[in-house]
Structure formats: structure tokens, C-alpha cells
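Student: coords please:
(chains A, B, C and D)
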Protein chains: 2
Amino acid sequence: MSAPIRVVLADDERMVRTALRVILDAEPDLAVVGEAATGAEAVSVVRAERPDVVLMDVRMPEIDGIRATEQILAGMADAPRIVVVTTFENDSYVYDALRVGAAGFLLKRAAAEELVSAVRLVARSDSLLYPAAVRCLAAEHARHRPPAAPAWAARLTDREAEVLRLVATGLTNAEIADRIGVGPATVKTHVAAVLAKLGARDRTQAVILAYESGFVRTG
Amino acid sequence: MSAPIRVVLADDERMVRTALRVILDAEPDLAVVGEAATGAEAVSVVRAERPDVVLMDVRMPEIDGIRATEQILAGMADAPRIVVVTTFENDSYVYDALRVGAAGFLLKRAAAEELVSAVRLVARSDSLLYPAAVRCLAAEHARHRPPAAPAWAARLTDREAEVLRLVATGLTNAEIADRIGVGPATVKTHVAAVLAKLGARDRTQAVILAYESGFVRTG
DNA sequence: AACCGCCTCCCCCGCCCGGGGGAGAGGGGC
DNA sequence: GCCCCTCTCCCCCGGGCGGGGGAGGCGGTT
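Tutor: A predicted model of the protein is given here:
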């Protein structure tokens, strides 16, 4: 399994950091290599340790997690994947996090198992975003378990899910438009919404996320 | 499972048609709705029956399977998926078939199970090409079973396979170029080769084929 | 009645991508 | 020696795509 995944924790509450460290260090393939209590500290620790993954709290003194994320991603070649940690799912930070390039985000109430699998997936998928709705895709695929377990945000609408399914069969926007009987502009809108919610850069990444989340099944 | 997959058989040898019919009709979700012994007949039968899938022999009187495929795909809106059937794997027809838009091809010596799964996959993946190299991808993935079982043609080179793997992680051509240390133009060339060999229209379809063939694994 | 989420469609813009060519270098097989 | 394959890189070109806006209608919630 080669080298372990190196993780840095950034949270102003010591208890949270400790909890995360306990959870992550229990996994043989994960190694917490640094902690930070402020955004500024997070930036310097990350530059020093060059981890694979950063768990970044949004609310922190001096510099919030969003700005810290921005600075890390802007100032580093071969920057780590950053997972933004929030308390409330409809946090407006969520979209800011996507915008500045966070690899994903999860809620503090997420189960330990979700946490470690998120870290692994983010580290593994290498230049691929893994945000919010991905888990919702899996949840939707598993027959609408409502808002109980899904500790993630940004659900796709029915139309968006339909469009994503068609994107994942290799259709162009124009073909999707013909198929569902709307204009090409409408499909563009839906695709754009899907990309934003999934944090995907283009339809190719969206398809990959659809497969990886189980939203579409292989053959 | 809704309506069965409607199949038309086009082959000049009656025995071959019968054999195919027996194999396909044994499957509850497949229904052979027409047969043709010549290319011209194939065109008219397909227009009349409007099947989901056509199994098209390459060598037929009057009009060969390639031209028949061309005419069917050109002259019909919502055309069926056409699988071209060949006897020899290095048949030059293979590339012609790809060029005119065949959804895939397979060898007459293919196992019955391969046949039915090919029909299902082609029918399912709806506007998605399923040609040659796809099975080779699966074969490569399954640790180089040489040229024994692979009843399909068009192998990827090592470089092409590497590029496809990177495409399937969501990278752009420029990012792939940086990663493997070559120029962007070179990556373009490799990607173009992959698309041609897989019969994919764009990188999105290539990724889908990579997943469906098992060339890349989910999770 | 006001609000919000969803669906529909429009504009402009820039870029990445894919198609069509070609070309040179190196290696292996005949 | 010659050929063929692979890998490398170049050109031009068109189009699909994604980003950034905005706008109107419709139904459910408050």
C-alpha cells in the first residue's frame, strides 16, 4: 500500500483536533502529520509539512478556512487536497469553499467511517474534486434515504439527476436536449448546476464522480 | 425490465442467422424481430422493424455490411446500434466499421455469452460506441491474456493506456502533459488515438468505456 | 401576498477539445 | 537496408463546452 496518506488538521478547537486525530491515526494508511489552530497557522503548517490532505475548519481566528484554502491552493505547486469542515449543512461557506477550490467538505457530525473514507477518496482521486453532492448521489442511488444519514449538502434536483445520468451515457448537450424535449440552453443550465454541485470542472469529471459514487453502475 | 431489446440479424448464411437467433431468443430480454440475407435487405428490414440492435455481417451480397451500416445510420433518425460481425480479427473492415459509425463489432467465434452481453451493453449504452478495444481494455486489465481469448481487435499502446488512465481521473490534456513530462501536442495525439481505437467521440465517452470495460475500477 | 426553489431559455465570451493533416527520431523485425 | 510501429511535436480550424450574467413562469411555503 506504499506510503500512508499524510493529513494536516486545522481547527481552532483543540478537542475537535484531538477527536479527528484519534479517528484518523487509528487507520494504518492514514497519518496526521500536523495541526493548526488558526488559518494563518494552517497555511504555514501545510507549507512545511506538504501533506496529501488537509481537514480545514471554516470558522477560525485571524483567517477563516476559506481564505486559508485559497492561499494554500494559490501559493503552492502540487497543493494538497483540502476538505472543508462545517457544522451546518446549509452553510453559505459551502459554495465559497467550492469556488476557491476545496476538494470537498463534510459536516462535523459525520460518522468516523465517513470521515476516513472521505480522506482516502480525496487523496486517491488525484486532481479530482470530491465535494458535497457526491455522497448524495450515492444516497439517491440507494433509494432516497431522506435527510437522515446524509451528512452532506447540495442535493441534485430530479431534472439535474436525469441530465447527469444522460451525460454519463456519453451524450452531448444537444442530444440530451432532444432526448428530454427541451432547448439546448436549458440543458446547459442543468449541466452547469450539476458541475457546480458536484464540484466537477467539466462533464468528464462529473461522469467519474457519478461512477465513483455509485450514482451510475457499471455494466 | 420493461420492453425486450429488439434485434435484427443480417447475414448471408442461413445457418449463422439460425444459430444467432437460437442464442438470442433463449434470453428473455432479447427478441429477434427480423432477419436479412443481403445488405440491401438489411437496410429495408431495419427501416421496417426499427430494432434496437442490428448484428451485421461484413461480407454479404449486393451491399456489404459496412455500406449497409452507413446507409442505415445516415438515413434514419433514432437509428439502431449496429454491431458488425467479422470472421477474422485483423479484418481491415474493422476500421471501416468504426469510421462509418458501428457501435461495436465482434468475431463469429465469440462465445454465446459474449454475444448476448455485447447486445445488452450496446443496447443499454444508448448513443455510446462499444467497439473493438473495449474488450482489450478488460483483457489488459485482467493481466495480459495474450491473443487467445480476446475476440476483439485494436489494442492500445502502453502510452495510450497510460494517457487513458489519466483522462479517467479527470485531468485535462495540459495536466496530463505536465504529469508525464511531454508536450500538450503529444497528449493530444495520444488522446486522439485512444478515441479512435475505442470508437469514442470525446474523452467523456472514453472514460465511460474505461469504466464499463473494467479498465479502470470504481471505488 | 411575498418568497423561494425549480425549470425554462436567452446573451456573450474564451478556451479546451477534437479532426485533419504532416514530420522527424528511434527501435524491432524481416 | 528497409519497413513498420511508436512516440514525439507541429500547423490550422471549427465547435462543443463551461463561466458569467440575466429573465420569466410556476408551484409550494410561509
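
Student: any idea where the strands of chain A begin and end?
Tutor: With DSSP state E, the ranges of strands along chain A come out as A:5-10, A:30-36, A:53-57, A:81-86, A:104-107.

Student: can you add distance to B:D78, mean pLDDT and mean neighbour count and give the ones you listed back as JSON lines?
Tutor: For the C-beta atoms, the positions are set from N, CA and C on the backbone; glycine is no exception. Below are the strands of chain A laid out as JSON lines (distance: least, CB to CB, whole Å; pLDDT from 0 to 100; neighbours: other CB atoms under 10 Å in any protein chain shown):
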{"stretch": "strand A:5-10", "distance to B:D78": "48", "mean pLDDT": "93", "mean neighbour count": "25"}
{"stretch": "strand A:30-36", "distance to B:D78": "51", "mean pLDDT": "94", "mean neighbour count": "19"}
{"stretch": "strand A:53-57", "distance to B:D78": "47", "mean pLDDT": "89", "mean neighbour count": "28"}
{"stretch": "strand A:81-86", "distance to B:D78": "43", "mean pLDDT": "81", "mean neighbour count": "26"}
{"stretch": "strand A:104-107", "distance to B:D78": "39", "mean pLDDT": "67", "mean neighbour count": "24"}
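
Student: ok, residues contacting stretch A:14-28?
Tutor: The list of residues contacting stretch A:14-28 from outside it, by CB atoms under 8 Å, 6 or more residues apart in numbering or on different chains, reads A:4, A:7, A:9, A:11, A:30-32, A:35, A:37, A:55, A:57, A:108, A:112, A:115-116, A:119.

Student: all helices for chain A, in order.
Tutor: Assigned by DSSP state H, the helices in chain A fall at A:14-25, A:39-49, A:65-75, A:93-100, A:112-124, A:133-141, A:158-167, A:173-180, A:184-198, A:203-212.

Student: and A:L55, how far from A:A26?
Tutor: To A:A26, A:L55 is 15 Å away according to CB to CB, to the nearest Å.

Student: before we move on, back to that, got a markdown table for the helices of chain A, with mean neighbour count too?
Tutor: A markdown table is the format used below for the helices of chain A (neighbours: other CB atoms under 10 Å in any protein chain shown):
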| stretch | mean neighbour count |
| --- | --- |
| helix A:14-25 | 15 |
| helix A:39-49 | 19 |
| helix A:65-75 | 20 |
| helix A:93-100 | 19 |
| helix A:112-124 | 19 |
| helix A:133-141 | 22 |
| helix A:158-167 | 20 |
| helix A:173-180 | 17 |
| helix A:184-198 | 19 |
| helix A:203-212 | 25 |
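
Student: how does chain A divide into domains?
Tutor: As given by automatic domain parsing, the domain ranges for chain A are A:5-131, A:137-212.

Student: around DNA strand D, which positions in chain A sit nearby?
Tutor: Selection of chain A residues close to DNA strand D by CB under 7 Å from any atom of the strand yields A:172-174, A:188-189, A:191-192, A:195-196, A:201-204, A:206.

Student: now, which of the residues you listed sits nearest A:P61?
Tutor: Minimum distance to A:P61 across the residues of chain A next to DNA strand D is 29.7 Å, recorded for A:A196 (CB to CB).

Student: confidence score at the closest one?
Tutor: Model confidence at A:A196, expressed as pLDDT, equals 82.

Student: B:T86: which of the helices of chain A is closest?
Tutor: Set against B:T86 and scored by CB to CB, the helices of chain A come closest in helix A:173-180, at 28.5 Å.

Student: which helices and strands does the closest one pack with?
Tutor: helix A:158-167, helix A:184-198 (3 or more CB pairs under 8 Å, 6 or more residues apart in numbering or on different chains; DSSP states H and E).

Student: try it again at 6 Å.
Tutor: The contact analysis (3 or more CB pairs under 6 Å, 6 or more residues apart in numbering or on different chains; DSSP states H and E) places helix A:173-180 against helix A:184-198.

Student: do the helix it packs on and chain B meet?
Tutor: No - Helix A:184-198 does not reach chain B (CB under 6 Å from any CB of the partner chain); its nearest approach is 11.0 Å.

Student: just the CA trace of that helix, in PDB.
Tutor: The C-alpha trace of helix A:184-198 is given here as PDB (Å, rounded to 0.1, in the frame of the first residue of the first chain):
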ATOM      1  CA  PRO A 184     -30.000  23.200 -25.600                       C
ATOM      2  CA  ALA A 185     -29.700  26.300 -23.400                       C
ATOM      3  CA  THR A 186     -31.800  24.500 -20.700                       C
ATOM      4  CA  VAL A 187     -29.500  21.500 -20.800                       C
ATOM      5  CA  LYS A 188     -26.500  23.800 -20.400                       C
ATOM      6  CA  THR A 189     -28.100  25.300 -17.300                       C
ATOM      7  CA  HIS A 190     -28.700  21.900 -15.800                       C
ATOM      8  CA  VAL A 191     -25.200  20.700 -16.600                       C
ATOM      9  CA  ALA A 192     -23.700  23.800 -15.100                       C
ATOM     10  CA  ALA A 193     -25.700  23.200 -12.000                       C
ATOM     11  CA  VAL A 194     -24.600  19.700 -11.800                       C
ATOM     12  CA  LEU A 195     -21.000  20.700 -12.200                       C
ATOM     13  CA  ALA A 196     -21.200  23.300  -9.500                       C
ATOM     14  CA  LYS A 197     -22.900  21.000  -7.100                       C
ATOM     15  CA  LEU A 198     -20.500  18.100  -7.700                       C
END
